[in-house]
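# The following comprises the amino acid sequence and a computationally predicted model.
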2 protein chains.
Amino acid sequence: MTPISDLGEFALIRRLTDALPIRNASTVKGVGDDCAVLKYNGSNVLTTTDMLLEGVHFDLVYTPLKHLGYKAAAVNISDILACGGTPRQLLVSVAVDRRISVESLDELYAGLRLCCDHYGADLVGGDTSSSLTGLTLSLTALGEAADEEVVYRSGAKENDLICVSGNLGAAYLGLQLLEREKRVFAGTKQSDETAAQPDFSGYEYLLERFLKPEPRADILQRLREADVHPTAMIDISDGLSSELLHICRESGCGCRIYEERLPIDYQTAKCAEEFNLNVSTCALNGGEDYELLFTVPLSSHERIQEIDDVRIIGHITRPDLGTRLITRGEADEVELKAQGWKL
Amino acid sequence: MTPISDLGEFALIRRLTDALPIRNASTVKGVGDDCAVLKYNGSNVLTTTDMLLEGVHFDLVYTPLKHLGYKAAAVNISDILACGGTPRQLLVSVAVDRRISVESLDELYAGLRLCCDHYGADLVGGDTSSSLTGLTLSLTALGEAADEEVVYRSGAKENDLICVSGNLGAAYLGLQLLEREKRVFAGTKQSDETAAQPDFSGYEYLLERFLKPEPRADILQRLREADVHPTAMIDISDGLSSELLHICRESGCGCRIYEERLPIDYQTAKCAEEFNLNVSTCALNGGEDYELLFTVPLSSHERIQEIDDVRIIGHITRPDLGTRLITRGEADEVELKAQGWKL
């Protein structure tokens, strides 16, 4: 018997979903992108699903339930946006064990409702069940896109510019801060608890990035206003490297990105130093940023430069030139690497 | 803090989803039926989701993974059918712990594929993740229905006939058989294992009903052919009583069903006797039958009687007449009761 760890997540998915037949005319795009794309009566319906398990995807020791609800909705909405869609509906399944009270679920749903409110989605259904061990959430989002708005991972072309919204690595460092405080707290005697109140001052932004990610509907809006049409797009949930490799793989191309162009917030840089971590590694592999990574034709260069909070970090190349990171300083080229199993 | 058990599943759902706003024109029907109903470009898109947890919804001691995959897809497809739709797409999320091998997942997906094949649905996406404790599945199905095909729980009218497909209680007794063999096996010494090989002979149908339920697409087809339009419909996952109470509640009506009309297979009756269980209770509250429960206008009486494998079990009444079961023998009336928390 082969342990799953021998394959890794992406090889496992390829194996399980290999040669899946498509029987219905309404199925336009199946497995392999941020969303499945369906066509009902000429309307593009995008759909995506995500499961979140306690102890794997979140830790209730430092995750307020309202934030968890918000984030669970946000990560699904982010996938709809990554395919160029407008989020419309959300289904939410929750499995709870005995520790979870009705009031805790009220909090979770308050977060879900807030996120739906913010992004204009309707909570239309779900499933509630008991669990033997911990809280499990599973969400499905549906969205809509006009034909010219749908973007896949597979459309990047040679010489396209590689762009990223916002900044990277902040959520990862937010998680490191929370994990550190958890360890400190666990090592503290009961009588010292007041003394052990966590101090995150100066790093509030990092915590917010981890606990309450905001999918970039605003960026999609600005791209539309500027008449810029991404050729490929993906949201950054597993880290920039991993996502860019998906685009290159699906588009059959190579890439070249520049370490010095990676957008990094001041707090991220400061905190990485404190943890003795390479900030570029945090930005490349941190994950959970929920920023948009996309490619645009070279002809959109000027229009992209005028869009606030979007940075060009490199360009798409021929496939035989590989997937490369040009490092700072020595201007060395290294191979881009992705982490294996998703957080 | 209020324990969830104080509320029960249905009251909890009502509390969590109370006064949910509908913002999008594409949302036709939100929480409260077997599916949410969306309208994209004039096309009715039905969607439903279900989460299945090891130790709560299934036991890997006696559930082959291929069967589990089939059943997980089937229960979602059953919800699409219960709203009058044709299943089109399926999203599958799986969380696995270290015990699960790649080959086991192959088996699970073989079952999923087989069910998709059988019901003409496309597997279009999902999510794969690790789990600390056990196997968790979450599925979302999408389907399509013409305007005149969409059926809600809420359309039953006074004097409508109450109909049920197939027979009831078999899956529940299949589960009792498997649980009994598990207990026997657990009490057996290693050396006696061969002697303890389970003997299910004569009860194969009951096991099949539990392990491999078949959603009733055939019944929908026959209803269409006979030009019978159900006024309300639901699939029987939690037991006939519970589902009929949903229809009465949503339709604002009462009902009267007859114990002697309950469709029960010979194996079910025989096995209930062996377990010293009241077979009518098994049929009323057993659950997991995945048969269709529906109401039709009195004018469809003759046409319904000609449809194979459908039985009229009673009729809809004014709400003030209550929800009643007319028992066999003394022809006593008793109040219909539903079980609380879902299996």
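Yep, it's here.
# hang on, isn't A:Glu144 packed against A:Arg88?
Yes - the criterion here is CB atoms under 8 Å, and A:Glu144 meets it with A:Arg88 at 5.4 Å. Just so you know, the C-beta spots here come from the backbone N, C-alpha and C atoms, and that holds for glycine as well.
# Now list whatever residues contact both of the two.
B:Ser26 (CB atoms under 8 Å, 6 or more residues apart in numbering or on different chains).
# which of these two has more neighbours?
Neighbour totals were compared for A:Glu144 and A:Arg88, and A:Arg88 leads with 24 against 20 (other CB atoms under 10 Å in any protein chain shown).
# What ranges does the stretch 1-150 of chain A have for its helices?
With helices called from DSSP state H, counting those that start in this stretch, the stretch 1-150 of chain A shows them at A:9-16, A:65-82, A:102-119.
# Deepest-packed of the ones you listed, please.
When you average the neighbours per residue for each of the helices of the stretch 1-150 of chain A (mean count of other CB atoms under 10 Å in any protein chain shown), helix A:65-82 leads with a mean of 26.
# quick check: angle from that one to helix A:102-119?
30 degrees (axes from the mean of the first three to the mean of the last three CA atoms, to 10 degrees).
# circling back to that earlier point, wait, which of the helices of the stretch 1-150 of chain A is closest to B:Glu225?
helix A:9-16 (37.3 Å; CB to CB).
# Whether that closest one contacts chain B - can you check?
Yes - residues of helix A:9-16 contacting chain B under CB under 8 Å from any CB of the partner chain: A:9, A:12-13, A:15-16.
# can you put those residues in CSV and add pLDDT?
Output for those, formatted as CSV (pLDDT from 0 to 100):
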residue, pLDDT
A:Glu9, 82
A:Leu12, 90
A:Ile13, 90
A:Arg15, 93
A:Leu16, 94
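# Which one of these is nearest to B:Gln267?
A:Leu16 (35.6 Å).
# quick revisit: switch the residues of helix A:9-16 next to chain B over to JSON lines; also include distance to B:Leu211.
Output for those, formatted as JSON lines (distance: CB to CB, whole Å):
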{"residue": "A:Glu9", "distance to B:Leu211": "29"}
{"residue": "A:Leu12", "distance to B:Leu211": "26"}
{"residue": "A:Ile13", "distance to B:Leu211": "27"}
{"residue": "A:Arg15", "distance to B:Leu211": "25"}
{"residue": "A:Leu16", "distance to B:Leu211": "22"}
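# And the residue of the stretch 151-300 of chain A closest to chain B?
With CB to the nearest CB, the shortest gap between the stretch 151-300 of chain A and chain B falls at A:Ser237, namely 10.7 Å.
# secondary structure class for that residue?
Under DSSP: H, G, I helix; E, B strand; the rest coil, A:Ser237 falls in the coil class.
# With A:Asp320 instead?
A:Asp320 - assigned by three-state DSSP - is helix.
# wait, what's in contact with it?
Each residue near A:Asp320 by CB under 8 Å, 6+ apart is listed here: A:Gly254.
# The residue lying closest to A:Ala272 once chain neighbours are set aside and A:Tyr62, how far apart?
Leaving aside its sequence neighbours, A:Ala272 sits nearest to A:Val279 (CB to CB, 6 or more residues apart in numbering or on different chains; 3.9 Å). Applying CB to CB, to the nearest Å, the value for A:Val279 to A:Tyr62 is 23 Å.
# Could you pull up the contacting residues of A:Asp106?
A:Asp106 sits next to B:15-16 when contact means CB under 8 Å, 6+ apart.
# scratch that, A:Ile219
A:165, A:292, A:307, A:309-310.
# one more time with 6 Å
Applying CB atoms under 6 Å, 6 or more residues apart in numbering or on different chains, we find A:Ile219 in contact with A:165, A:292.
# which SS state does it fall under?
Quick answer, by three-state DSSP: A:Ile219 is helix.
# What separation do you get for it and A:Thr48?
With distances taken as CB to CB, A:Ile219 is found 18 Å from A:Thr48.
# Tell me the spacing between the spatially closest residue to A:Val31 that is not a sequence neighbour and B:Val92.
For A:Val31, ignoring the flanking residues on the chain, the nearest one in space by CB to CB, 6+ apart is A:Thr17 at 4.3 Å. Distance check for A:Thr17 against B:Val92: by CB to CB, it reads 9 Å.
# ends of stretch A:279-291, how far apart?
17 Å (CA to CA, to the nearest Å).
# what's around the residue of the stretch 151-300 of chain A closest to chain B, how many residues?
22.
# A:Ser201 now?
When neighbours are defined as other CB under 10 Å, A:Ser201 has 6 of them.
# Now do the SS call for it.
Under three-state DSSP, A:Ser201 falls in the coil class.
# How far does stretch A:157-174 stretch from one end to the other?
35 Å.
# low-confidence ranges in chain A?
Counting by pLDDT under 70, the ranges of chain A that qualify are A:189-197, A:330, A:339-343.
# And the strands in it?
With DSSP state E as the criterion, chain A has strands at A:27-29, A:36-40, A:43-53, A:86-96, A:122-130, A:136-145, A:161-165, A:232-235, A:254-258, A:292-296, A:310-317, A:323-326, A:333-335.
# wait, does the first one make contact with chain B?
To tie it back to what came earlier, the one meant is strand A:27-29. Yes - Strand A:27-29 reaches chain B (CB under 6 Å from any CB of the partner chain) through A:Thr27.
# packing partners for that strand?
On a contact count with 3 or more CB pairs under 6 Å, 6 or more residues apart in numbering or on different chains; DSSP states H and E, strand A:27-29 meets strand A:36-40.
# Is there proximity between the strand it packs on and chain B?
Yes - against chain B, strand A:36-40 shows contacts by CB under 6 Å from any CB at A:36, A:40.
# and the angle for that strand with strand A:136-145?
50 degrees.
# residues in contact with the residue nearest to A:Ala272?
A:264, A:269, A:272.
# number of nearby residues for A:Ala226?
16.
# I'd assumed A:Gln305 was in contact with it.
No - if you go by CB atoms under 6 Å, A:Ala226 and A:Gln305 don't touch, sitting 10.1 Å apart.
# A:Glu50 contacts B:Thr128, doesn't it?
Small correction: residue A:50 is Asp, not Glu. No - with contact defined as CB under 6 Å, A:Asp50 does not reach B:Thr128; the gap is 10.6 Å.
# higher neighbour count, those two?
Neighbour count, other CB under 10 Å: between A:Asp50 and B:Thr128, A:Asp50 has more, with 23 against 20.
# Just list the residues touching that one, thanks.
If you count contacts by CB under 6 Å, 6+ apart, A:Asp50 has them with A:75-76, A:139, B:127.
# related to what we said a few turns ago, just want to check the distance between the residue nearest to A:Ala272 and A:Tyr266.
Distance from A:Val279 to A:Tyr266, counting by CB to CB: 11 Å.
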